[in-house]
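1. Mind folding the following:
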Amino acid sequence: MEGSVLPCKVTCQEEDEDFPTKYNAKVVKKWIDPVQGLANARHEFGEHGGVNMSIEASATFTVMQPETMRRMFSGELGPEGDFYIYSRHFNPTVLNLGRQMAALEGTEAAYCTSSGMSAISSVLLQLCSHGDHVVASRCLYGGTHALLAHLFPRACGVTTTFVDIQRLDDVKNAIKPSTKVLYFESMSNPTLAVADIPSLSAIAHEKNVKVVVDNTFAPIIISPARLGADVVIHSISKYISGSADIIAGAVCGSVDLINSMMDLHQGALMLLGPTMNPKVAFDISERLPHLGLRMKEHCHRAYTYASRMKNLGLKVIYPGLEDHPQYALLKSIVNSGYGYGGMLCVDMDTEERANKLMYHLQNYTQFGLMAVSLGYYDTLMSCSSSSTSSEMNQEERELAGISPGLIRMSIGYSGTLEQKWSQFENAFAKMTEVLPSKRQN
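-> Sure, this is the predicted structure:
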């Protein structure tokens, strides 16, 4: 192995907290508020004493003595001692962002990649071999579903059983001797079902199965590692970036996992090479300190709009509303003080009605933008069945609870809350003049 990465050391810890599960097991983790964790992470200063770290843009690194290179390649020397070989392996600027991501998620270590999908595929390829099996939620981001349902069986001989993870007995029964990973999203894309991470982790660990959780929808809000997850995945492109101008991902987990993924002979990250550009790492590291503030505003507006949309008679899905099936669960596992998520869904029943509402919201009042992705400072809207979930066939979408008219909204914070709500009301009123809603018929 070429060197290793040191664990992220965080000094501020609260008392242990127990999370009882439905399988009479307990997940016990040290609780570290994610914002506190970020603030206590190592601060990297610039080369000449700048308050911001320097960007190390070099692809390769020099050594002063010829024997040093042999010692680096043998694993005797590595980035923990400030020895670097090549930026596909470890880069100082990218490594610093990894420390921040580990602090955010409360894991020992993290490695940042060129995209969220590269983080997902690299982790699964590291944990699974030919003939192995994955149990996964039937409601996942369309690209992840396609990876597990189509590419992995064909290219790697890794198969997946998709289940309703709200039915814990179904999850337990789907695990077999060849199962290596239980994979799900903390909040499902796009239906916003909340995963019972403590209970699911207890089920998996009883069978020696690793738990991998995509936490893209809920950074700061949910900390899967403290609830029992072994690996936490992020598409940094979304909330963590916040500006829809960067494609990036992250793998957060144990030191052993990250080092195994960087192994010269068997490491998925090392050999597949989904390398993050250090200039991207620098940009992201400058945005992480205010992620907590941004998430609070995303969540506050999403809750407010969801409540008001429901009062208009719309069919709204938002985990922070008391009528959501997993409201009590979410309330029990969130990090206090940040809210219940910045995503909401409006089910318009048909794609035609969904498109009509989005058209008016964008082109009549400028409430938001018709675009995929999420976490942007402006509101983004898309009809999931014909966009980010289109990799799934109709039957798969029905099983996942994705209706043809489901609009996924990533609620932004541009403008004032009342200004944007007025835009929504005006667009909705205009739409109902053109295309009367069912409640008016």
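
2. Run through this structure and note the low-pLDDT ranges.
-> Applying pLDDT under 70 to the chain flags the ranges 1-31, 434-441.

3. can you do 50?
-> 1, 10-15, 24, 27-28, 437-441 (pLDDT under 50).

4. Spatially central residue in it, please.
-> By Cα atoms, centre = their mean, the chain has its centre lying nearest to residue 216, at 1.8 Å.

5. Next, count neighbours for the residue nearest to that residue when sequence neighbours are not counted.
-> Spatially, and ignoring its direct neighbours in sequence, residue 216 is nearest to residue 235 (4.5 Å; Cβ to Cβ, 6 or more residues apart in numbering). From N, CA and C alone the C-beta is placed, and that goes for glycine too. For residue 235, the count of nearby residues is 28 (other Cβ atoms under 10 Å).

6. Repeat that for the one 5 residues further on.
-> For residue 240, the count of nearby residues is 26 (other Cβ under 10 Å).

7. In contact with it, which residues?
-> By Cβ atoms under 8 Å, 6 or more residues apart in numbering, the contact set of residue 240 is 219, 234, 250, 284, 287-288, 291, 375.

8. If we use 10 Å, what do you get?
-> Contacts of residue 240 were listed using Cβ atoms under 10 Å, 6 or more residues apart in numbering, and they are 97, 100-101, 104, 216, 219-220, 234, 246, 248-250, 284, 287-288, 291, 294-295, 375.

9. Then residue 317?
-> By Cβ under 10 Å, 6+ apart, residue 317 lies in contact with 190-193, 306, 310, 323-325, 343-347, 401, 406-408.

10. Just the ones in strands from those, please.
-> 343-347, 406-408 (DSSP state E).

11. Turn the residues you listed into a markdown table, including neighbour count.
-> Listed next are the ones in strands among the contacts of residue 317 as a markdown table, based on neighbours: other Cβ atoms under 10 Å:
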| residue | neighbour count |
| --- | --- |
| 343 | 27 |
| 344 | 27 |
| 345 | 20 |
| 346 | 26 |
| 347 | 19 |
| 406 | 25 |
| 407 | 26 |
| 408 | 26 |
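
12. which two of these lie the greatest distance from each other?
-> 343 and 347 (13.7 Å; Cβ to Cβ).

13. so residue 395, which of the three states?
-> Taking DSSP: H, G, I helix; E, B strand; the rest coil as the rule, one finds residue 395 in the helix state.

14. okay, now residue 277: neighbour count?
-> Residue 277: 18 neighbours (other Cβ under 10 Å).

15. And residue 207, by the same measure?
-> Residue 207: 13 neighbours (other Cβ under 10 Å).

16. so what's it up against?
-> 135, 172, 175-177, 179, 182.

17. Just the residues you listed: which are in helices?
-> residue 172 (DSSP state H).

18. quick one: the residue nearest to residue 216 from residue 133, how far?
-> From residue 235 across to residue 133, the span is 25 Å (Cβ to Cβ, to the nearest Å).

19. got it, and residue 103?
-> 33 Å.

20. and those two? which has more neighbours close in?
-> A direct count of neighbours by other Cβ under 10 Å for residue 103 and residue 133 places residue 103 higher, at 25 against 18.

21. Is that one in contact with residue 225, as I believe?
-> No. Using Cβ atoms under 10 Å, residue 103 makes no contact with residue 225, being 11.4 Å away.

22. which residues are common contacts for the two?
-> 32, 252.

23. and the lengthiest helix in the chain, which residues are buried?
-> Ranked by number of residues, the top helix in the chain under DSSP H is helix 291-311. The neighbour-count check on helix 291-311 (16 or more other Cβ atoms under 10 Å) flags 291-292, 294-306, 309-310 as buried.

24. do the same with stretch 404-417
-> Across stretch 404-417, burial judged by 16+ other Cβ under 10 Å covers 404-413, 415.

25. Kindly report the same for stretch 195-209.
-> 195-205, 209.

26. before we move on, what about stretch 140-156?
-> Per 16+ other Cβ under 10 Å, stretch 140-156 contains these buried residues: 140-149, 152, 156.

27. can you tell me which of those are in helices?
-> Those of the buried residues of stretch 140-156 lying in helices (DSSP H): 142-146, 152.

28. Now do the strands in the protein.
-> Going by DSSP E, the chain shows strands at 16-20, 26-30, 109-113, 133-137, 159-163, 179-185, 210-214, 231-235, 249-253, 315-317, 343-347, 369-370, 380-383, 406-410.

29. For the fifth one, which outside residues touch it?
-> The set of residues external to strand 159-163 that reach it, using Cβ under 10 Å, 6+ apart, is 124, 128, 131-140, 145, 147-150, 152-153, 169-176, 178-179, 181-184, 392, 396, 399-400.

30. From these, list the buried ones, please.
-> 124, 128, 132-140, 145, 147-149, 152, 171-172, 174-175, 179, 181-184, 392, 396, 400.

31. gap between residue 191 and residue 400?
-> Distance from residue 191 to residue 400, by Cβ to Cβ: 7 Å.

32. Touching both of those two, which residues are there?
-> What both residue 191 and residue 400 touch, as defined by Cβ under 10 Å, 6+ apart, is the set 139, 384, 389.

33. For residue 57, see how far away the first one is.
-> When you say that, I think you mean residue 139. Counting by Cβ to Cβ, the gap from residue 139 to residue 57 is 40 Å.

34. Check the second one too.
-> Residue 384 sits at a distance of 38 Å from residue 57 (criterion: Cβ to Cβ).

35. Of these two, give the one with the bigger neighbour count.
-> Neighbours per residue, other Cβ under 10 Å: of residue 384 and residue 57, the larger number sits with residue 384, 26 against 12.

36. List the contacts of the closest residue to that one other than its chain neighbours.
-> Using Cβ to Cβ, 6+ apart and skipping residues adjacent in sequence, the residue nearest residue 384 is residue 190, 4.1 Å away. Listed by Cβ under 10 Å, 6+ apart, the contact partners of residue 190 are 139, 141-142, 217, 317, 343, 345, 374, 382-385, 387-389, 400-402, 406-409.

37. Repeat that for residue 360.
-> Per Cβ under 10 Å, 6+ apart, neighbours of residue 360: 367, 423-424, 426-435.

38. show me what contacts the nearest residue to it once chain neighbours are set aside?
-> Spatially, and ignoring its direct neighbours in sequence, residue 360 is nearest to residue 427 (4.0 Å; Cβ to Cβ, 6+ apart). Going by Cβ under 10 Å, 6+ apart, residue 427 touches 357-368.
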